[in-house]
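Undergrad: coords please:
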Amino acid sequence: MELKEEEIIQNFKEYLEDKNATYAIMLNGKWGSGKTHFVKNKLDEERLPISEKYLLNTHQGYRNHLLARLPILKLYYKQEKEVPLPIYISLYGISSIEEVKNMILLEIAKTKYGEYLPLAEKVVPIATIAINTLVDSLTIRTISLRNAKKARYKIFDIISPERSKYYFIFDDLERCKLPIEEIFGYINIIIEHNKAKVLIVANENEIVSDSYKTTKEKVIGYTFKYKPSLPEILETLTEVYNFKELKKEICDEFLDVLNSKKDKNGENHNNIRTIKQALSLAEKVEPILIDKAKDKQKDNAIENSAINQLKNEVFRDIIYDYIDYKNGTEIKPSFNFISKYISSRTFDKELVNKELKEKYNEIYIELKKRSEPASQSIDNLINQLNQSYYICRLEDNQLKTLVENLINMLQKIYTFHI
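TA: Purely as a prediction, here's the structure:
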């Protein structure tokens, strides 16, 4: 089922609180649609978010953070209900269940002792690592290899007696190298034996398995289709970039193209990676356009209209050409600096200035031509309005027609809205 973000969040919250839910739920969406960002930053803000973005902004999040790192503080929170923390695991490239187990152990250790846990699994197996004593908020002491086996059992104990403290998020299911029956089998063990809640994040369109449908039905209770809100995505992404004055113009043009141009599957193109790449180029072009606008006379309507049209065309072409590139369509750019940046990430400032100047002149000349033959007509219309109004020679509908003609003519010439 396709739901809005707030509806997915509400359903997920109800799932976590349902003691009888002995199944996993799935968040399904296209690559680059922002599923992982949504899961890490928005899905469960009441608890400790994976990114800890909201850590200091919510009492619950801050409380969980403290309790996870300083268990002794539980003495001061006896009256408050404890809530589970997320354990995020990416299955990208995973080829054995042992790898999954090790990653789970490491992430659980992080929730208890912080992000400063050494990533020693890259050097020795996680089985040899045990977190025994919290020295301070920044440092962790590990026990010796001699006690590694005992240490691993101690970490395993974290899961069973305290299983209600965690829920598990398995991302990138379609990129997992394990057979679908094997990874689903292990996830089912977590659900049934550990009574844990599980969210699986995937792009089902990319899963190639004859047994996927039947295996999924045994593990997944509900599947929510994630389709991001483009206005919210643009609002969030533009905050990351250093836009000065033209953020609104960029968002408006990007949104217009994204809502109208289709991807190779005939759907609206909402790939966040593509949007980020386009915003990166827009960020570089924006100051040049601002400087050009400052050079124009503020009281010259045609110059202002020309520079505004130039801004719109540049930003529109940037996202348009990036979508064509992503779709594998031949790019036929209005500006060569855009195709050069897309193909080689080279921002040729000299070429940008040259092409923007040429395009501005082209737009200005066209607007000038359109304004000259119409100026006399406008004067005639105004004279008719003045004379006809005061001597009451026109009916209301005739007067309305004259006014509408005048507005339409002004819009065509100066490209502004009344």
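Undergrad: Can you find the helix or strand in the protein with the smallest mean pLDDT?
TA: None of the helices or strands of the chain scores lower by mean pLDDT, DSSP states H and E than strand 131-134, at a mean of 34.
Undergrad: Disregarding residues adjacent in the polypeptide, which is nearest to K359?
TA: L310 (5.9 Å; Cβ to Cβ, 6 or more residues apart in numbering). Just so you know, the C-beta spots here come from the backbone N, C-alpha and C atoms, and that holds for glycine as well.
Undergrad: Now the host helix or strand of the one you found: buried residues?
TA: Taking DSSP states H and E as the definition, one finds L310 inside helix 301-327. Neighbour counts over helix 301-327 (16 or more other Cβ atoms under 10 Å) mark 301-327 as buried.
Undergrad: Same question for stretch 341-358.
TA: The neighbour-count check on stretch 341-358 (16+ other Cβ under 10 Å) flags Y341, I342, V352, E355, L356 as buried.
Undergrad: Need the residues that contact it.
TA: 277, 281, 284-285, 288-289, 292, 310, 314, 321-322, 325, 331, 335-337, 340 (Cβ atoms under 8 Å, 6 or more residues apart in numbering).
Undergrad: next one: stretch 253-267
TA: Residues outside stretch 253-267 that contact it (Cβ under 8 Å, 6+ apart): 230-231, 234, 268-271, 275, 278-279, 282, 312, 315-316, 319-320, 323, 326-328.
Undergrad: Please apply the same query to stretch 198-217.
TA: With contact meaning Cβ under 8 Å, 6+ apart, stretch 198-217 is reached by 12, 24-31, 35-36, 39, 43, 167-175, 179-181, 184, 187, 190-191, 220, 223.
Undergrad: mind listing which of those are in strands?
TA: A24, I25, M26, L27, N28, Y167, F168, I169, F170, D171, I220, T223 (DSSP state E).
Undergrad: Chain neighbours aside, what residue packs nearest to the first one?
TA: In this case it means A24. A24 sits nearest to V198 (Cβ to Cβ, 6+ apart), 3.9 Å away.
Undergrad: Just the pLDDT for the one you found.
TA: For V198, the pLDDT comes out at 96.
Undergrad: burial of it, as a residue count?
TA: Residues near V198, counting by other Cβ atoms under 10 Å, number 23.
Undergrad: What's the separation between it and E283?
TA: 39 Å (Cβ to Cβ, to the nearest Å).
Undergrad: for E355, same thing?
TA: Going from E355 to E283 by Cβ to Cβ gives 18 Å.
Undergrad: next one: L406
TA: Look at L406 and E283: by Cβ to Cβ, they are 40 Å apart.
Undergrad: now the contacts of stretch 341-358: which count as buried?
TA: Buried among the contacts of stretch 341-358 (16+ other Cβ under 10 Å): 277, 281, 285, 289, 292, 310, 314, 321-322, 325, 331, 335, 337, 340.
Undergrad: D295 - how many residues pack around it?
TA: Residues near D295, counting by other Cβ under 10 Å, number 9.
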